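[1] Turn this into a model:
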Amino acid sequence: AFYAMGDTKTPVKTAALALGVNLLLNLMLMYPLKIGGLALSTSLAASVNLTVLYIVLSKKIGDIGTRDLIRAFLKISAASLVMVSAAVILRHLWLKDGIKGLDAAIHLGAIIAVSMVVYVIAAVIFKIEGIKEIKGSILRRLGR
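    Below you'll find the predicted structure:
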């Protein structure tokens, strides 16, 4: 949207801000949380970038469907929570301590596959926009 309006500076400025936030959070979180701290700091920095760009864009052009975006975010978050719950439960049932090698890979693959199916079912239940298009695309690729 910014590039379409001829504003190339704002995204660069917010990206620089996000980079600074990421660096600061990396330094703060990498020791107590190890690799998880790096992942968390990257996610938080990206969220800062998104938030700042969203606020600036809203001020420039007015309402850009905030209510619909929040509703979609909540639905996607709920479906993701259902998927994560399924993955955690399946991990405890199928991926026991001591399982290694190919067996572990097969079990992990099964957990991922089932979790994906659970997410799609949750997305249908929560009426997440776009899920019908994804289903249609998959069915077309499968030749149905």
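
[2] CA only for contacts and neighbour counts going forward, please
    Fine.

[3] State the next helix or strand along the chain beyond the lengthiest helix in the chain.
    For the chain, the helix with the greatest residue count under DSSP state H is helix 66-94. Sequence order places helix 101-125 as the next helix or strand after helix 66-94, per DSSP states H and E.

[4] same for the longest helix of the chain, what does it pack against?
    The elements that helix 66-94 packs onto, with contact taken as 3 or more Cα pairs under 8 Å, 6 or more residues apart in numbering; DSSP states H and E, are helix 101-125.

[5] residues of the helix it packs on that come out buried?
    104, 107-108, 110-112, 114-116, 118-124 (16 or more other Cα atoms under 10 Å).

[6] just for this protein, where's the confidence low?
    Segments of the chain classed as low confidence (criterion: pLDDT under 70) are 144.

[7] rewinding a little: any idea of the angle the longest helix of the chain forms with helix 101-125?
    Between helix 66-94 and helix 101-125, the angle comes out at 150 degrees (axes from the mean of the first three to the mean of the last three Cα atoms, to 10 degrees).

[8] Contacts for the host helix or strand of residue 13 next, please.
    Applying DSSP H and E as the criterion places residue 13 in helix 9-33. Applying Cα atoms under 8 Å, 6 or more residues apart in numbering, the external contacts of helix 9-33 come out as 2, 36-38, 41-42, 44-46, 48-49, 52-53.

[9] centre of the chain versus stretch 1-14, how much separation?
    Centroid displacement of stretch 1-14 relative to its chain, using Cα atoms, centre = their mean, to the nearest Å, is 24 Å.

[10] Much appreciated, bye for now.
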